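A.B. asks: let me see the structure of the following:
(chains A and B)
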2 protein chains.
Amino acid sequence: MTSTDNSADSPAEAKPAAKDPWDLPDVSGLVVGVLGGTGDQGRGLAYRLARAGQKVIIGSRAAERAESAAAGLGLGVEGADNAECARRSDVVIVAVPWDGHAKTLESLREELSGKLVIDCVNPLGFDKKGAYALKPAEGSAAEQAAALLPDSRVTAAFHHLSAVLLQDESIDEIDTDVLVLGEARADTDLVQALAGRIPGMRGVFAGRLRNAHQVESLVANLISVNRRYKAHAGLRVTDV
Amino acid sequence: MTSTDNSADSPAEAKPAAKDPWDLPDVSGLVVGVLGGTGDQGRGLAYRLARAGQKVIIGSRAAERAESAAAGLGLGVEGADNAECARRSDVVIVAVPWDGHAKTLESLREELSGKLVIDCVNPLGFDKKGAYALKPAEGSAAEQAAALLPDSRVTAAFHHLSAVLLQDESIDEIDTDVLVLGEARADTDLVQALAGRIPGMRGVFAGRLRNAHQVESLVANLISVNRRYKAHAGLRVTDV
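C.D. replies: Purely as a prediction, here's the structure:
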């Protein structure tokens, strides 16, 4: 056990302390792309953001699949192939399977240049004992994205959401916080604001990308929670 | 992003599903030792458990320091050197600094034989950018403990608590859940019950020891949260 309190005195991150951490930008006019938007998690996030009033474009390798998924969601959601999705979006959520993560991002380096990228991929392995963390060579999926996309502003967020809850139209609020990681405050503020658009969610700043691995891997623990309690667990940060 | 829902269909951990996860044992009669009980976190935990009515023995390398810390807490808390603390306790919480973790446990292998051990150590490094995760060769502090204590029942819990809140006598409830990890249900149930003795806390099962690293390392993120929000953050698991 290490005290979480002690380092509050370290000067390292003290500069932005003067700013109200809840003073977040208006992101309602931004176009949000979701790469891997035809998967359960991507579609669920696209649905929640569109329902909150955000303009959303679903990306997929095949434009037709993306268009079909978008049509199923309604709410003004559009579908496109990944490249067009990236090109047309201000903010791009990466919700592809870990297996295709590096390849997809490498192929979109140009389209993602200058964009705010939100990586929400959890590198996990599964065996008969359940889920376990995989450790990418770069440290985490988010750090892999940052290495592959040197001209993008890479953040990490939206790791711990239940696709079942996201996609359930009868649920109005998602009872969870979203841990947001990144290097630049302007970027993490924006992602926090985006998370906060979804009723029930708050975006909470939770450190730099070098501390993304444990946030990504914690999904393995939430899977154990879900099994034991027959739940769709989320996380709330208390005292914040 | 990987769905946290999917693997609920895997047969791996299905056996104990029939038992109510909140049907936990009565632990009120157990003696709890706290190795490293003179540190802020150890003393804070000792205080909360004693205040909840648990018999607590603080352990330290020097018996006098443990006795002095115990006297400061009152509530029937006793102090002893680490070996006597381990010997006299049914459940032993390991709250020593990561630096001394391996050495302390190696030296207590015999005293801890047959005991339920709760490791709450977070291996972290610090530099000018703040805190970051250290990766023990064994995978995590808890797995290191399990490797060093083959005759003990090793679990992991109590990682995310604020020493400030634990030690603040004016605070009646600690608003946080305690993630509990381990290999044997009887052991994790017992640790969950112990966490649940402290008002405001729930012990929530969160997987096997191979998934302890991310739980330990998440303290680095909570330190960032605490800095940004001037908080003493804890975690609640929602939908559980």
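A.B. asks: so what's A:T176 closest to, chain neighbours aside?
C.D. replies: Distances taken as CB to CB, 6 or more residues apart in numbering or on different chains place A:G234 nearest to A:T176, at 2.8 Å, with adjacent residues excluded. C-beta coordinates here come from the backbone N, C-alpha and C atoms, glycine included.
A.B. asks: phi and psi next, for the residue nearest to A:V121 when sequence neighbours are not counted.
C.D. replies: Spatially, and ignoring its direct neighbours in sequence, A:V121 is nearest to A:A141 (4.1 Å; CB to CB, 6+ apart). Main-chain dihedrals, A:A141, degrees, to the nearest 10: phi -60, psi -40.
A.B. asks: again, but for A:G114
C.D. replies: Backbone geometry at A:G114, expressed as degrees, to the nearest 10, gives phi 80, psi -10.
A.B. asks: excluding its backbone neighbours, what's nearest it?
C.D. replies: Among residues not flanking A:G114 along the chain, A:D151 sits closest, at 6.4 Å (CB to CB, 6+ apart).
A.B. asks: quick one: contacts for the one you found?
C.D. replies: A:R109, A:L112, A:S113, A:G114 (CB atoms under 8 Å, 6 or more residues apart in numbering or on different chains).
A.B. asks: what subset of those residues is buried?
C.D. replies: Buried subset of the contacts of A:D151 (neighbour count, 16 or more other CB atoms under 10 Å in any protein chain shown): A:L112.
A.B. asks: related to what we said a few turns ago, helix, strand or coil for the residue nearest to A:G114?
C.D. replies: Following DSSP: H, G, I helix; E, B strand; the rest coil, we place A:D151 in the coil state.
A.B. asks: quick revisit: for chain B, state which of the contacts of A:D151 is nearest.
C.D. replies: A:L112 (17.3 Å; CB to the nearest CB).
A.B. asks: okay, and the closest one sits in which element?
C.D. replies: For A:L112, there is no host helix or strand (DSSP states H and E).
A.B. asks: how much space separates the nearest residue to it once chain neighbours are set aside from A:A86?
C.D. replies: Nearest residue to A:L112, sequence neighbours excluded (CB to CB, 6+ apart): A:S152, at 4.7 Å. Remark: distance between A:S152 and A:A86 (CB to CB, to the nearest Å) = 10 Å.
A.B. asks: which residues are in contact with both of those two?
C.D. replies: A:L112, A:K115.
A.B. asks: more neighbours: which of the two?
C.D. replies: Between A:S152 and A:A86, counted using other CB atoms under 10 Å in any protein chain shown, A:A86 has the larger neighbour count: 27 against 22.
A.B. asks: A:G37 reaches A:L49, doesn't it?
C.D. replies: No - using CB atoms under 8 Å, A:G37 makes no contact with A:L49, being 10.4 Å away.
A.B. asks: between those two, which is the more surrounded one?
C.D. replies: Shown here are A:G37 and A:L49; by other CB under 10 Å, A:G37 has more neighbours (32 against 23).
A.B. asks: confirm that one sits in a strand?
C.D. replies: No - applying three-state DSSP, one finds A:G37 to be coil, outside a strand.
A.B. asks: identify the residues contacting it.
C.D. replies: Contacts of A:G37 (CB under 8 Å, 6+ apart): A:43, A:45-46, A:56-60, A:66, A:69-70, A:79, A:85, A:95.
A.B. asks: where does chain A dip in pLDDT?
C.D. replies: Chain A contains residues with pLDDT under 70 at A:1-17.
A.B. asks: quick one: the strands in it?
C.D. replies: Using DSSP state E, the strands assigned to chain A run over residues A:31-35, A:55-60, A:78-81, A:91-94, A:116-119, A:124-127, A:130-133, A:153-156, A:176-182, A:201-205, A:234-238.
A.B. asks: mind checking how far A:G139 is from chain B?
C.D. replies: In this view, A:G139 and chain B are 9 Å apart by CB to the nearest CB, to the nearest Å.
A.B. asks: returning to that earlier point: the residue nearest to A:T176 touches B:V240, doesn't it?
C.D. replies: No - A:G234 lies out of contact with B:V240 (CB under 8 Å); the separation is 9.2 Å.
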